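Q: Below are the sequence and a predicted model for it; my questions follow.
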Amino acid sequence: FFALTITIAATAQGGYTIKQYHVSVLVNKDASLDITETIDVYFSESRHGIFRIIPYKYKLSPLKNGTEKADRQLESNGYAQTIIEDIDVQGWKYSVNNKGDYKEIKIGDKKKYVEGNQQYIIRYKLLNAINFFKDKAELYFNVIGDKWDTQIESVNFSVEFYDALPGTPEYFTATGSYGSQQNNTTTQWTGNKIFSGKTNAPLQANEGVTVGIVLPKEFLTQQNYMLRGMKWLLLPCAVLAFMFLVWRRWGKDEKLTITTEFYPPKNVSPSVAGYIIDDALHKRDLTALIPYWGAGGYLQVKETETKALLGLIKNKEYDFIKLKDLPETALTFERTLFNGIFASGDTVALSSLKDVLYTTMAAAKKQLETEVDRGAYYEKHSRGMAVMFFIVGIVTLIVGVVRLIKYWGDPYWLPLALIASGIFIIGFGIFMAKKTPKGNELYEKLAGFKEFIKSVEEDRLAMFLKQDEHYFDKVLPFAIVFDVADTWKD
């Protein structure tokens with residue numbers, strides 16, 4: 001029959017032997033195990049203490065044909081997992097960490113040495129360690145694992161059940177190295193409730209003791225461990241409530257009335273308009289300056305065509321031609337981008353600007369951010385809060401996804417709670433930038449102008465073109481930053 005071995009081990013220490021090792025196991029009705037280990041160690045040289053590692057993840061072996069598979073939870077990708085909790089070491093400093101498939105208990109003080117006889121009492125609870133089958137359950141437990149690298153002179157163990165087993169219990173014990181079926185123990189039952197025993201000879205390095213006991217099907221109550229940790233669902237609820245309160249206090253904009261506008265706001269750069277309309281900086285907010293300068297008579301874009309292979313291949317090129325310098329009133333980021341384009345001359349090919357635009361655009365973006373700050377369109381610190389919450393949300397989301405993937409098959413409430421919390425934080429962070437009265441006034445005009453661009457009729461556009469033949473070109477930069485350029489061109 002199939003059995004999952006619960007192996008208990010310790011890392012190699014050297015300079016010590018185990019004089020006495022007592023393991024007490026209490027099997028509860030809910031199929032949990034309360035375990036107490038009392039380890040009497042003799043140190044032949046000074047040491048800080050011992051490491052105690054307890055595996056909680058096990059690779060499952062293929063079953064033989066006709067062998068019934070145990071009904072266990074927390075299985076995935078060929079591995080089974082137990083849950084180890086409530087770890088305590090009496091009278092010693094200790095720390096607990098996850099190391100791969102093990103819980104590592106580091107016992108001792110790094111500032112102190114011990115030698116001679118020392119006793120360590122370790123307590124913990126073990127869950128999901130019982131194999132359940134159709135007509136029975138089974139405790140298959142390595143009382144002493146086979147990873148100790150020193151001699152264990154004497155072992156005593158007891159397995160106590162919450163109630164007496166009916167009938168004559170079916171059981172076995174085994175000692176020796178991995179796979180051994182030898183039994184070098186003396187055991188006894190006390191009232192069909194306590195199974196105890198001791199070794200008849202010392203265990204050598206890498207030898208252990210295994211106990212197996214068959215239980216009636218209904219003797220233990222199988223638990224649903226996947227429901228453990230549902231309390232973590234309170235986390236995203238709390239995060240949602242917290243973020244809503246923060247947003248309402250520091251991020252919620254005033255309710256605005258949007259009316260149609262036929263012209264862009266005066267003295268407002270399309271780049272600033274693009275930032276204000278959606279509280280974000282996009283590449284298009286800066287590239288829209290090209291047609292903006294064209295409409296203002298500062299540059300001209302000329303399309304040229306080159307031929308190769310006897311005219312079989314035609315390539316199009318675009319040249320930027322500088323007509324005049326920007327006025328002194330131009331904003332800093334506008335001058336940075338304009339001067340960067342024409343740094344090599346008054347006529348430049350677009351294909352030659354790849355590296356120039358990369359560095360120049362980066363500088364212009366920072367200057368645009370500074371200009372928005374200087375313009376006092378947003379409440380102080382609100383944009384900083386938006387960035388902070390966005391970053392915190394992304395990190396939280398990534399941690400949740402990594403945990404979900406790494407511990408796939410485990411109770412998933414914590415990673416799901418982290419993922420949901422991250423989404424809530426990101427969502428509110430996006431809308432955390434709160435506009436000042438000045439920012440709201442500009443936003444109302446921009447939103448009204450955007451609605452006009454999206455829904456303008458041909459006869460209405462024709463009327464505006466009669467009044468100003470350059471009207472289309474003047475509106476195009478704003479259509480670009482509003483991300484409705486295709487609608488405007490059509």
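A: Happy to help now that I have it. Numbering: from 1, shown residues only.
Q: Need the per-residue pLDDT for the one residue sitting closest to the centre of the chain.
A: By C-alpha atoms, centre = their mean, the mean C-alpha position of the chain lies nearest to Val399, the distance being 1.3 Å. What the model reports as pLDDT for Val399 is 94.
Q: Also Asn206?
A: 88.
Q: Could you count how many residues lie near it?
A: Asn206 has 15 neighbours, counted by other C-beta atoms under 10 Å. In this view, the C-beta of every residue, glycine as well, is placed from N, C-alpha and C.
Q: tell me the secondary structure for it?
A: State at Asn206, reduced to three classes by DSSP: H, G, I helix; E, B strand; the rest coil: coil.
Q: Might one say that it is in contact with Lys147?
A: Yes - here Asn206 reaches Lys147: they are 6.8 Å apart, a contact under C-beta atoms under 8 Å.
Q: do you know how far Glu469 is from Tyr171?
A: Taking C-beta to C-beta, to the nearest Å as the measure, Glu469 falls 99 Å from Tyr171.
Q: actually Gln73, not the one I typed
A: Counting by C-beta to C-beta, the gap from Gln73 to Tyr171 is 25 Å.
Q: More neighbours: the two, which one.
A: Legend: neighbour count by other C-beta under 10 Å for Gln73 and Tyr171, higher for Gln73 (19 against 16).
Q: does that one sit in a helix, a strand or a coil?
A: Once three-state DSSP is applied, Gln73 turns out coil.
Q: Pretty sure it sits against Arg228.
A: No - between Gln73 and Arg228 there is no contact under C-beta under 8 Å: 9.8 Å.
Q: If you tally nearby residues, what's the number for the nearest residue in space to Tyr102 that is not next to it in sequence?
A: Nearest non-adjacent residue to Tyr102, counting by C-beta to C-beta, 6 or more residues apart in numbering: Ile53, 4.4 Å away. Residues near Ile53, counting by other C-beta under 10 Å, number 21.
Q: Now find how far off-centre the one helix or strand Ile53 maps to is within its chain.
A: According to DSSP states H and E, Ile53 maps onto strand 49-55. Relative to its chain's centre, strand 49-55 lies at 29 Å (C-alpha atoms, centre = their mean, to the nearest Å).
Q: Okay, strands next: where are they in the stretch 51-200 of the chain?
A: Listed in chain order, the strands of the stretch 51-200 of the chain (DSSP state E, counting those that start in this stretch) span 57-59, 75-76, 79-81, 83-89, 94-99, 102-108, 114-127, 130-132, 136-144, 155-161, 170-176, 185-190, 194-199.
Q: which stretch among those strands comes nearest Asp459?
A: In this view, the strands of the stretch 51-200 of the chain are compared for proximity to Asp459 by C-beta to C-beta, and strand 75-76 is the closest at 65.4 Å.
Q: counting contacts, what elements does the closest one pack onto?
A: Using 3 or more C-beta pairs under 8 Å, 6 or more residues apart in numbering; DSSP states H and E, no helix or strand is in contact with strand 75-76.
Q: Return the helix or strand in the protein with minimum mean pLDDT.
A: Sorting the helices and strands of the chain by mean pLDDT, DSSP states H and E puts helix 485-489 at the bottom, at a mean of 73.
Q: follow-up on the earlier one: please name every helix or strand in contact with the strand holding Ile53.
A: With contacts taken as 3+ C-beta pairs under 8 Å, 6+ apart, strand 49-55 sits against strand 102-108, strand 114-127.
Q: With mean neighbour count and mean pLDDT added, can I get those strands in JSON lines?
A: As requested, the helices and strands packed on strand 49-55 are exported to JSON lines (neighbours: other C-beta atoms under 10 Å; pLDDT from 0 to 100):
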{"stretch": "strand 102-108", "mean neighbour count": "19", "mean pLDDT": "91"}
{"stretch": "strand 114-127", "mean neighbour count": "16", "mean pLDDT": "96"}
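Q: With distance to Phe244 added, can I get those in JSON lines?
A: What follows is the helices and strands packed on strand 49-55, written out as JSON lines (distance: least, C-beta to C-beta, whole Å):
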{"stretch": "strand 102-108", "distance to Phe244": "39"}
{"stretch": "strand 114-127", "distance to Phe244": "37"}
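Q: was I right about the residue nearest to the centre of the chain contacting Ala417?
A: No - the criterion here is C-beta under 8 Å, and Val399 misses it with Ala417 at 10.8 Å.
Q: residue ranges for the helices of the stretch 301-450 of the chain, please.
A: 332-341, 354-374, 382-406, 413-430, 437-455 (DSSP state H, counting those that start in this stretch).
Q: Tabulate the ones you listed (a markdown table), appending distance to Thr347.
A: Converted to a markdown table, the helices of the stretch 301-450 of the chain look like this (distance: least, C-beta to C-beta, whole Å):
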| stretch | distance to Thr347 |
| --- | --- |
| helix 332-341 | 11 |
| helix 354-374 | 14 |
| helix 382-406 | 39 |
| helix 413-430 | 42 |
| helix 437-455 | 32 |
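Q: what's the closest of the ones you listed to Arg249?
A: Each of those has some distance to Arg249 by C-beta to C-beta; the shortest is helix 382-406, at 10.6 Å.
Q: List the buried residues for the closest one?
A: Across helix 382-406, burial judged by 16 or more other C-beta atoms under 10 Å covers 382-383, 385-386, 389-390, 393, 396-397, 399-400, 403-404.
Q: Contacts only, for the closest residue to Leu215 other than its chain neighbours.
A: Excluding its sequence neighbours, the residue lying closest to Leu215 (C-beta to C-beta, 6+ apart) is Ala137, at 4.3 Å. By C-beta atoms under 8 Å, 6 or more residues apart in numbering, the residues touching Ala137 are 31, 130-131, 214-217, 219-220, 222.
Q: Flag the shaky bits of the stretch 301-450 of the chain, pLDDT-wise.
A: In the prediction, the stretch 301-450 of the chain carries residues with pLDDT under 70 at positions 306-314, 407-410.
Q: Leaving out chain neighbours, which residue sits closest to Phe320?
A: Of all residues not flanking Phe320 in the chain, Val348 sits nearest, at 5.3 Å (C-beta to C-beta, 6+ apart).
Q: Pull up the gap between Thr187 and Phe157, please.
A: According to C-beta to C-beta, Thr187 and Phe157 sit 9 Å apart.
Q: next one: Gly251
A: Gly251 sits 62 Å away from Phe157, going by C-beta to C-beta.
Q: Adding distance to Gly297, write the buried residues of helix 382-406 out as TSV.
A: Below are the buried residues of helix 382-406 laid out as TSV (distance: C-beta to C-beta, whole Å):
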residue	distance to Gly297
Ser382	38
Arg383	34
Met385	41
Ala386	37
Phe389	43
Phe390	40
Gly393	45
Thr396	50
Leu397	48
Val399	53
Gly400	54
Arg403	58
Leu404	57
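Q: Once you drop chain neighbours, what's closest to Asp40?
A: Gln20 (4.1 Å).
Q: pLDDT score for that neighbour?
A: Confidence at Gln20, expressed as pLDDT, is 97.
Q: how far is the helix or strand it falls within from where the chain is centred?
A: Element membership for Gln20, per DSSP H and E: strand 16-27. The chain centre lies 39 Å from the centre of strand 16-27; the measure is C-alpha atoms, centre = their mean.
Q: Are there helices or strands packed against it, and which ones?
A: Packing contacts for strand 16-27, counted by 3+ C-beta pairs under 8 Å, 6+ apart, involve strand 33-47, strand 136-144, strand 155-161.
Q: quick one, which of these is packed in tightest?
A: Of all the helices and strands packed on strand 16-27, strand 136-144 has the most neighbours on average by mean count of other C-beta atoms under 10 Å, namely a mean of 22.
Q: mean confidence for it?
A: 92.
Q: got the angle for that strand vs strand 16-27?
A: 160 degrees (axes from the mean of the first three to the mean of the last three C-alpha atoms, to 10 degrees).
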